[in-house]
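> only the shape, not the letters, is given here:
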C-alpha cells in the first residue's frame, strides 16, 4: 500500500504540467530556425528572379523583401508565392467595368509601361491601345 500524497505535492505537479503544456506551443511556434527561414527566402527569391524581367519580377522581389522584413519583426513567417501575388493583383482589377478590367489585367501581367516610384508617391501604369475609328 502506498503512503498518501499530500495535496501540496499534487498541486505542484499540476502547476508544472500546466506550465509545460502552455510553454510548449509557444516554444514550437516561435518561428523556424534562421537557417530554415533563409532557405525559404532563397527559394522564393529564385522563383522571383526566374520570372521574365519587368514589372511583375520587380513587384515579386519587392514584396518578398517586405515579407522577409515583417517575418523578422515577428509578423507573417511565410512569404507569398509569385502566383499568390499575381492573384491578389488580379483581384484588385475586379471592381472595374469589364472593358477597364481587361486592361487592368493586362497591366498586371506586365503589359504597358510603369513610371514613378513608391517612395516618390506612387507608380503610374500606362497601357496604350488603339481603337478603330468608326465612320458613318
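Yep, it's here. Because the structure is a prediction, the values reported are computed rather than measured. Residues are numbered from 1 along each chain as shown.

> now the helices: where do they sit in the protein?
Taking DSSP state H as the criterion, the chain carries its helices at 7-28, 34-49, 55-72, 82-91, 98-108.

> which one of those lies nearest to residue 134?
Closest to residue 134 of the helices of the chain, according to CB to CB: helix 98-108, at 15.8 Å. For every residue, glycine as well, the C-beta is placed using N, CA and C.

> what angle do the closest one and helix 55-72 make?
Following axes from the mean of the first three to the mean of the last three CA atoms, to 10 degrees, one obtains 70 degrees for the angle between helix 98-108 and helix 55-72.

> for helix 98-108, packing partners?
Secondary-structure packing of helix 98-108 (3 or more CB pairs under 8 Å, 6 or more residues apart in numbering; DSSP states H and E): helix 82-91.

> change it to 10 Å
Judged by 3 or more CB pairs under 10 Å, 6 or more residues apart in numbering; DSSP states H and E, the packing partners of helix 98-108 are helix 55-72, helix 82-91, strand 122-126.
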